[in-house]
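Novice: Next one to model:
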Amino acid sequence: MLQRTDVQVRAGREEDLAALTEIYNHYIRETPITFDIDPVTPDERRPWLLSHPEDGPHRLLVAQPAGDGRILGYATSSPFRPKAAYATSVETSIYLSPEAGGRGIGTLLYAALFEVLADEDVHRAYAGVTLPNEASIRIHQRFGFQQIGVYEEVGRKFGTYHDVAWLEKRLS
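Specialist: Numbers count the residues shown, from 1 in each chain. Model prediction:
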């Protein structure tokens, strides 16, 4: 069995795009976790990847077994909102391949993400969590996020309305 110590975290790269898209499409097709409805192609996902450079507050980190090309998951910090006054706030997320859950990969990714963000001009991190999603709430709380509100029945997917909890982490 793969141990967390056998996993490396690094910046996402162009050659990861197909695997990252496959992971994301799993959540589009199988879960309400993302409110995207239609699977995306790697070409459609490329602008998202390119919006996460290797430095700065908007990062894409991937986890993969040492010496193995598989991508087990990824964590991102993205712009919270497009207006300039929001520049010191980011929205964070984690997506794991279906077989990687419950092995500490998400914890490894978030630890690395918040380590790189510590050197950036980032004041707050936010996360939106479609409910119910106890695993996501748990990991966010483990990293110091606190729930600040719930948008009730804000999205409809698979014929059902879903609430989204908003969580905040103070970084400075």
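Novice: Spell out the residue ranges of the helices in this protein.
Specialist: Secondary structure of the chain (DSSP state H): helices located at 17-30, 42-50, 105-117, 134-142.
Novice: State the mean pLDDT of stretch 51-66.
Specialist: Mean per-residue pLDDT for stretch 51-66: 95.
Novice: Touching it from outside, list them.
Specialist: The contact list for stretch 51-66 (C-beta atoms under 8 Å, 6 or more residues apart in numbering) reads 2, 6-12, 16, 20, 49, 70-79, 87-88, 90, 100, 105, 108-109, 112-113, 116-117, 120-122. Where you see a C-beta, it was placed from the backbone N, CA and C, and this is true even at glycine.
Novice: ok, how many other residues are close to the closest residue to Ala127 other than its chain neighbours?
Specialist: Closest residue to Ala127 apart from its sequence neighbours, by C-beta to C-beta, 6 or more residues apart in numbering: Leu167 at 4.7 Å. Leu167 has 21 neighbouring residues, counting by other C-beta atoms under 10 Å.
Novice: Drop anything exposed from the contacts of stretch 51-66.
Specialist: Neighbour-count burial (16 or more other C-beta atoms under 10 Å) applied to the contacts of stretch 51-66 gives 7, 9, 12, 16, 20, 49, 71-77, 90, 100, 105, 108-109, 112-113, 116-117, 120, 122.
Novice: for stretch 130-137, how far is the first residue from the last?
Specialist: Start-to-end span of stretch 130-137 (C-alpha to C-alpha, to the nearest Å) is 9 Å.
Novice: Number the chain from 8, please
Specialist: Let's use 8 as the start, then, which means that last one is stretch 137-144.
Novice: what residues does it touch?
Specialist: Counting by C-beta under 8 Å, 6+ apart, 39-42, 101, 108-109, 113, 134, 136, 154, 157, 162, 169-172, 174 sit against stretch 137-144.
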